[in-house]
Structure formats: C-alpha cells, structure tokens
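J.: below is the structure, and that's it, no one-letter string:
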C-alpha cells in the first residue's frame, strides 16, 4: 500500500488513534507538513466544501493563514466567491482540534456586524461537533449537540477560547477579555455602506487599531484579515498601509482586458464572468481588487487622485472644526450642513466654502453629537465668517431641531427656501435646504461639473474620499427614491456649493453682536 492509499485508508476506514496521528501537529512541525495535514483534514472531514477543483491561489491562501497563526500579520483580499472565508473557518477548526502545542489560547473574530461574527462562531462550533466521533466532546460547557442559534463564544476543555466581537464596540474591558486575544480575525470590516461615510470608516479604523493594540504580547499576538478590496480610501487600505501587514490580493480575471481567462475556471467559466460584469455594481472593486478602475464613479477619479495627493493639514482646529482659511471680509462665503441623530451611524456635518476664492475653508463631522448641539457649532463657524449664509438640510426631524435651535440663537442669515419660478426677493418663510430627488440630482451634477472644471479647491482628504466612493448607482437610487448610502460630508459640500447663487458679501465683522450676546448669556 503506497502513501496515498494508506492516507485514504486512514481517512475513511482508520481508527481514532490513526486519524489523530494523521491530522495532529505541534509547533515544531515544518510548515509544509502542517499545510498538508490541513488539506487532508479539511477534505477528509468536510468534503462538501470541495465540490470543485481547488484553484492554485488556495495554496497561497493557506500559506498566509499558517504564517499568521504563527505570528505574522497577514491579509487575504479576494474576489467574491473565492472561498477565503470558508478556508479560514476550516483552518480554525483544524488548529483548535489538532494543534497539540495549543499555540493560540484565545482566538477572536471581529466583524462590522456582530450577527456575522456570532454566526462564524456557531459555524466553527458546529463543525467541531461534526467530528466528535474522532475528537469526542472538546467543549467545557456547551456540550456536543449542534446549535441553530448564534453564540458569542465557547471555551474548550483545554481552556482555549473562541469568541465573537464587533469593530463597533470597545475591544477591552469585556468579561470575556480577562485575557487578551492572541489571534484576531478581521472579517467583513468594510462594505459598500461603511465606505460611504469617512466618519464611519474612521470609527471602524479606530476600533481595529484598538483591537490590534489589545493583542496578547507574551505569545506573539497577530491578526488576520479577509476582505474584498473595494475602496482604496477605507479600512482595508488602513490595514494595507500598516508596515507589519503582508497583503495577498487575488483577482477573478488574469487580465483586465481578457473576459475569458479566470483564476478559478472550474467555478467561474466565461459565461458566468460575463453575467457578473453585467450585474455587478462595481466589478473592478468586487472581483478584480482594483477600486481605482471602477467605471461607475460619479466624479472624475483622475482629478480626485491628484487632489488627494495635494491635500494639506488644516491651519487650525477648534472643537472639531478644521479650518484651511482665515476670514476675509470682502469675500463671499456659504455654509451647508447635513444632520443625523448622532448615534454613530450617519454624522452631523458642515462644510464652509469661500466662493470668492473657490475653495473649501472649513469642515466638521461628528457621529456622536446630537443635531441640536451641532447647530451651535455650525452657527459659530458661520459667525466667524461674517454670519455667512447657512443652509441646514431639513429633510427629517433632525433638520427641524437644527432650524429651531438656529432660530433661537438667533442666527441672522439662515437660508430660506425659494419656490421654483420666484425671485430671491420672494423667498418663503420655510428655512433650510430640502434635499429631494430633484434638488439632490441638480446640486450633485452642478458640483461635479464645477469640480471637474477646476472651480473648487478641496484640501480635506475625507471629503475627497467620500467623493471618490460615490457612484452613479448611488445617484440612481436617489432618483428612484430608494434608501441609499449616506455621504455626509459630500452632502454638506453639495448644499454649501448650492449657496453660491445666493450668498452676498458680509457686512459685519467676525462675530455678530446678537450671537456674541447669546454666547455670553448661555
């Protein structure tokens, strides 16, 4: 009996001791041996994951996972359907059951959505239950019966732990974090919703950084990332830019111009690729790992890329407001603001534009402050620039509370709605900017045209990043009345730019007397 026949015999007919020996390893085992044992374990115990021939890049995936397990920070970027998540789950089951040295004591999976990370935990748990005829009951408390409901974690009899978390929560101080995780898996930490707001993205990045800083240091703690590289300005780019991270990115097509040759032809034949190209909103981001080549972008990518390179730090920051210019009394200014409830989803944002110079002068974004409190900040910014024309967005109750607060300050130069067909002298008594399918379409197209023509200079990289992420599909959804992604800074910018038709030169100094008296009395 040759080696292959012997291995096949052990997998399908061998006793428990033979299987444990075949699949088991310790820290000193050569990495290529561990790789082979993993392949035998995965295919022998979970054949349903291998209905099609594995592509060559799966070997690269496995090499990356093994290196990360033993201490290197790694990333796998792969097109949708390339099985990167399935391979990671199979590997986690493999090491939990077969690593005799128990190298990793506390493994944790973090997603943007806690339901996803909990589902991964229960998947790992159920996969371990499936092989209880070999390994018995490995769990400390949970038993050995499959579960349907999600679970936040489990502990094995040998003390090893596997838990779920989210990049939206504080990473340290939890009950389950009495000991620090020593191997963290970041899965699905960026999607098309998160990249629509740089405030949300920055919050996710901060939590990822917190999780990395919280890794156990006494056992060479490391992290692993599985992702779809859909944005070169978001969370995944943050990981790529880390000096410790090695990024492996696999695209579906071997050549962007070749519609037939794929890296996994058994699963993605030419006719399926053609269908994906027709249906995908962002084929290059989702399947080629190259968001810079997306043909669905709304703004000029080449100009945006050049402007991002020319971004500069603000000249000052005050209470979260970033300033790139100083007030000049003879210039025209306008302020636009977009509002939310301040519950870490959408953000309260404002953008100030110097229309005379054609440049963004100040910006603010905060997804934790309440809308009525943000109104005080925005009124302060407007007052600093000669009580310039301020247009708060008023589509929802948040906008209503902002208008109420602004009138109570009182802010002396709130934009008033101008009905179609009327002149500026016949403004209505309705304050604020109403964003609907028509006004949003017009203001964004006006902004795009003037930006592409070089009439607006933008120094804020977060505004430019939202512009870079904005797609024609986002605009189409707006026209159709659908709930679309939120681009808070971009919307504030577009509203502010719409004020260029109505703003006049200021007649007063920096701080209006009424506003100053209000501040002093508060």
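T.: It's in. Note that the coordinates shown come from a computational prediction; the quantities given were computed from them, not determined experimentally. Residues are numbered from 1 along each chain as shown.
J.: C-alpha from now on. contacts and neighbour counts both.
T.: Noted.
J.: can you tell me the distance between the two ends of stretch 20-39?
T.: One end of stretch 20-39 to the other measures 14 Å (C-alpha to C-alpha, to the nearest Å).
J.: so which residues of the protein form strands?
T.: Assigned by DSSP state E, the strands in the chain fall at 74-78, 106-111, 153-155, 161-166, 183-187, 222-227, 246-250, 316-318, 321-323, 333-338, 348-354, 359-366, 389-392.
J.: and the angle from the fifth one to strand 161-166?
T.: To tie it back to what came earlier, the one meant is strand 183-187. Strand 183-187 and strand 161-166 are oriented at 40 degrees to each other (axes from the mean of the first three to the mean of the last three C-alpha atoms, to 10 degrees).
J.: strand 183-187 to strand 222-227, inter-axis angle?
T.: Using the same axes, to 10 degrees: strand 183-187 against strand 222-227 is 10 degrees.
J.: ok, residues contacting strand 183-187?
T.: Strand 183-187 has contacts (C-alpha atoms under 8 Å, 6 or more residues apart in numbering) with 69, 85, 104, 106-111, 117, 211-212, 215, 221-227.
J.: tell me, how many residues neighbour the residue nearest to residue 50 when sequence neighbours are not counted?
T.: Spatial nearest neighbour of residue 50, excluding adjacent residues (C-alpha to C-alpha, 6 or more residues apart in numbering): residue 43 at 6.8 Å. Residue 43 has 15 neighbouring residues, counting by other C-alpha atoms under 10 Å.
J.: before we move on, the earlier item: make a markdown table from the strands of the chain and add distance to residue 450 to it.
T.: Formatted as a markdown table, those follow (distance: least, C-alpha to C-alpha, whole Å):
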| stretch | distance to residue 450 |
| --- | --- |
| strand 74-78 | 36 |
| strand 106-111 | 39 |
| strand 153-155 | 53 |
| strand 161-166 | 40 |
| strand 183-187 | 39 |
| strand 222-227 | 35 |
| strand 246-250 | 36 |
| strand 316-318 | 27 |
| strand 321-323 | 22 |
| strand 333-338 | 16 |
| strand 348-354 | 13 |
| strand 359-366 | 12 |
| strand 389-392 | 20 |
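J.: how is this protein carved up into domains?
T.: Split into domains by automatic domain parsing, the chain comes to 3-250, 256-295, 301-521.
J.: and the ones you listed as JSON lines, adding mean pLDDT?
T.: Formatted as JSON lines, the domains of the chain follow (pLDDT from 0 to 100):
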{"stretch": "domain 3-250", "mean pLDDT": "88"}
{"stretch": "domain 256-295", "mean pLDDT": "80"}
{"stretch": "domain 301-521", "mean pLDDT": "81"}
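J.: distance of residue 200 from residue 367?
T.: From residue 200 over to residue 367 the distance is 8 Å, taken as C-alpha to C-alpha.
J.: repeat for residue 15
T.: 58 Å.
J.: same check, this time on residue 327
T.: Distance of residue 327 to residue 367, given as C-alpha to C-alpha: 27 Å.
J.: looking at those two, which is more packed in?
T.: Just comparing residue 327 and residue 367: by other C-alpha under 10 Å the higher neighbour count belongs to residue 367, 21 against 15.
J.: and the closest residue to that one other than its chain neighbours, what does it touch?
T.: Nearest residue to residue 367, sequence neighbours excluded (C-alpha to C-alpha, 6+ apart): residue 347, at 4.0 Å. By C-alpha under 8 Å, 6+ apart, the contact set of residue 347 is 199, 338, 339, 340, 341, 365, 366, 367, 368, 488.
J.: for the residue nearest to the spatial centre of the chain, which non-adjacent residue is closest in space?
T.: Taking C-alpha atoms, centre = their mean, the centroid of the chain lies closest to residue 190, which sits 3.0 Å from it. Nearest residue to residue 190, sequence neighbours excluded (C-alpha to C-alpha, 6+ apart): residue 235, at 6.2 Å.
J.: pretty sure that neighbour contacts residue 189?
T.: Yes: the pair residue 235 / residue 189 is scored as a contact, 7.2 Å apart, by C-alpha atoms under 8 Å.
J.: between those two, what contacts are shared?
T.: Common contacts of residue 235 and residue 189, defined by C-alpha under 8 Å, 6+ apart, comprise residue 204.
J.: tell me how many other residues crowd residue 57.
T.: A count of nearby residues for residue 57, using other C-alpha under 10 Å, gives 16.
J.: actually residue 390, not the one I wrote
T.: 33.
J.: any idea how far residue 93 is from it?
T.: According to C-alpha to C-alpha, residue 390 and residue 93 sit 57 Å apart.
J.: how about the contacts made by residue 44?
T.: 11, 12.
J.: likewise for residue 40?
T.: By C-alpha under 8 Å, 6+ apart, the contact list for residue 40 reads residue 23.
J.: so how far is residue 50 from it?
T.: The value you get for residue 40 to residue 50, if C-alpha to C-alpha is used, is 12 Å.
J.: now stretch 317-324: how far from the chain's centre is it?
T.: Mean C-alpha position of stretch 317-324 versus that of the full chain (C-alpha atoms, centre = their mean, to the nearest Å) differs by 24 Å.
J.: buried set for that stretch?
T.: Of the residues in stretch 317-324, 321, 322, 323, 324 count as buried by neighbour count, 16 or more other C-alpha atoms under 10 Å.
J.: which residue ranges of the stretch 1-150 of the chain form helices?
T.: Here the stretch 1-150 of the chain has its helices, by DSSP state H, counting those that start in this stretch, at 3-13, 16-23, 31-45, 57-69, 84-98, 114-130, 132-135.
J.: to clarify, my last question referred to the stretch 301-450 of the chain.
T.: Ranges of helices in the stretch 301-450 of the chain, per DSSP H, counting those that start in this stretch, are 301-309, 371-384, 397-408, 437-452.
J.: out of those, flag the one nearest residue 23.
T.: Comparison of those against residue 23 by C-alpha to C-alpha identifies helix 301-309 as nearest, at 49.6 Å.
J.: what's the angle from the closest one to helix 437-452?
T.: With the same axes, to 10 degrees defining the directions, helix 301-309 sits at 70 degrees from helix 437-452.
J.: mind giving me the packing neighbours of helix 301-309?
T.: Other helices and strands packing on helix 301-309, by 3 or more C-alpha pairs under 8 Å, 6 or more residues apart in numbering; DSSP states H and E, are helix 461-469.
J.: output the contacting helices and strands for the helix it packs on.
T.: Packed next to helix 461-469, using 3+ C-alpha pairs under 8 Å, 6+ apart, are helix 198-213, helix 301-309, helix 488-498.
J.: isn't residue 118 up against residue 151?
T.: Yes: using C-alpha under 8 Å, residue 118 is in contact with residue 151, at 5.3 Å.
J.: out of those two, which sits in the more crowded spot?
T.: Ranked by neighbour count (other C-alpha under 10 Å), residue 118 and residue 151 place residue 118 first, with 23 against 18.
J.: what residues does that one make contact with?
T.: Residue 118 makes contact with 150, 151, 152, 153, 163, 164, 165, according to C-alpha under 8 Å, 6+ apart.
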